[in-house]
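Q: Using only what follows, build the 3D model:
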Amino acid sequence: MSAAQGFARPGIHRPNALLFLGPAILVLFVWMIVPLALSLYFSVRRYNLLVLERRGFVGLLNYRLLLEDPTFWTAVVNTLALVVLVLAVTVVLGLMLALLFNRDFTAKNVTRTLAISPFFVMPVVTALMWKNMLFHPVFGLLAWVAESLGGAPADWLATYPMPSVVAIISWEWTPFATLILLTALQSLPGDQLEAVRIDGAGVWGEFRYVVLPHLLRPISALLMLETIFFLTIFAEIYATTSGGPGLATTTLPYFIYLKALLQFDIGSASAGAVFAVILANVVAVFLLRAIASNIFQGEPASAK
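A: Sure, this is the predicted structure:
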């Protein structure tokens, strides 16, 4: 019996597989459960680092105070708005770039590399670069362009805080969307496109009836992955607007940071963290259902 046949027989190497996978699964389990358990523990206790003598069990008081805090709801609305806006920008721009890079043109490989490179820049570096080199009202590139055209330079982060943050994060994450969609486009069968062209369909018909249906599943997966990451955006806001002006860019992660590390209220911060976990799971379940419906839509019954 050959080695390939030996590996193909079910059950022979299962104990070895569990032996090797067990430690990794245990580490991941502890990595998830310990922080969540501590968050749940502190969320039902009064625990302020400035008044340690007043520690104790308070039940759901931290949650009630959190829900009564208007700053918390502002942070939730800002978080959802940021996620929706960045998703729209990155998916649309990523799709446009993917369609462009899927064609043959001069220096295509170099252009692809330059277009994808922003994704590999650290978030803090990206934020500081935009803040000081582009958005700065005196030394920024946009200020120089405005003065060259005879206009007055704008303080973008102060005047248009949320659109500015959306632009920064979109610039950082559009390459990721481009990679996902370009990979999907390269798996599109050429005979389908040729058949549509023979039938006389134009560019729009080719995109609508062949390309877009082929990209529905990758776009669904892209939406889920980016949503999970965007719900935890912190570094870009911390390095540029610090949640301001006022509460204009205060998101849920930044609100938790304010409670924990500036107000030293670990109890309220933990309650906010638990709410963030619930929100992320609700969004994830919704997206997973949408992705599942796209995956199984139109498949034969035997495949299901």
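
Q: contacts for stretch 102-110?
A: Phe101, Thr111, Leu182, Leu185, Gln186 (C-beta atoms under 8 Å, 6 or more residues apart in numbering). Every C-beta, even on glycine, is put in place using the N, C-alpha and C of the backbone.

Q: which among these end up buried?
A: Phe101, Leu182, Leu185 (16 or more other C-beta atoms under 10 Å).

Q: Narrow these to those in strands?
A: Among those, DSSP state E puts none in strands.

Q: if I read this right, Ala276 contacts Thr251, doesn't it?
A: No - counting by C-beta atoms under 8 Å, Thr251 is not a contact partner of Ala276; they are 9.8 Å apart.

Q: who has more neighbours, those two?
A: Between Ala276 and Thr251, counting by other C-beta atoms under 10 Å, Thr251 is the more crowded of the two (29 against 21).

Q: Excluding chain neighbours, give the residue nearest to that one in space.
A: Thr79 (4.3 Å; C-beta to C-beta, 6 or more residues apart in numbering).

Q: just Trp156 next, same as before
A: Looking at Trp156 with C-beta to C-beta, 6+ apart, the closest residue is Phe135, at 4.2 Å.

Q: End to end on stretch 114-133, go ahead and measure it.
A: 19 Å (C-alpha to C-alpha, to the nearest Å).

Q: What are the contacting residues of it?
A: By C-beta under 8 Å, 6+ apart, stretch 114-133 touches 97, 101, 139-141, 157, 164, 167-168, 171-176, 178-179, 235-236, 238-240.

Q: repeat that for 7 Å
A: 97, 140-141, 157, 168, 171-172, 175-176, 178-179, 235-236, 239-240 (C-beta atoms under 7 Å, 6 or more residues apart in numbering).

Q: how deep is the residue nearest to Thr251 tucked in, by neighbour count?
A: Neighbour number of Thr79 under other C-beta under 10 Å is 22.

Q: same deal with Glu53?
A: 6.

Q: separation between it and Leu193?
A: 72 Å (C-beta to C-beta, to the nearest Å).

Q: Strands along this protein, start to end?
A: 45-46, 56-57.

Q: shouldn't Phe230 be in contact with Val83?
A: Yes - here Phe230 reaches Val83: they are 4.5 Å apart, a contact under C-beta atoms under 7 Å.

Q: neighbours of the closest residue in space to Glu236 that isn't next to it in sequence, just the number please.
A: Nearest residue to Glu236 in three dimensions, chain neighbours excluded: Ala127, at 4.4 Å (C-beta to C-beta, 6+ apart). The burial count assigned to Ala127 is 22, neighbours taken as other C-beta under 10 Å.

Q: quick one: Ala127 from Thr79, how far?
A: For Ala127 relative to Thr79 (C-beta to C-beta), the value is 17 Å.

Q: low pLDDT regions in the stretch 1-150 of the chain?
A: 1-15 (pLDDT under 70).

Q: repeat that for 50
A: Low-confidence segments of the stretch 1-150 of the chain (pLDDT under 50): 1-8, 11-12.

Q: How about residues contacting stretch 142-160?
A: Lys131, Leu134, Phe135, His136, Pro137, Ser164, Thr240, Thr241, Pro245.

Q: Pull up the distance across that stretch, start to finish.
A: Terminal-residue distance, stretch 142-160 (C-alpha to C-alpha): 13 Å.

Q: And for stretch 114-128?
A: First residue to last in stretch 114-128 (C-alpha to C-alpha) measures 20 Å.

Q: For it, buried residues please.
A: Of the residues in stretch 114-128, Ala115, Ile116, Pro118, Phe119, Pro123, Thr126, Ala127 count as buried by neighbour count, 16+ other C-beta under 10 Å.

Q: What is the nearest of those to Tyr63?
A: Nearest to Tyr63 out of the buried residues of stretch 114-128 is Pro123 (C-beta to C-beta; 30.3 Å).
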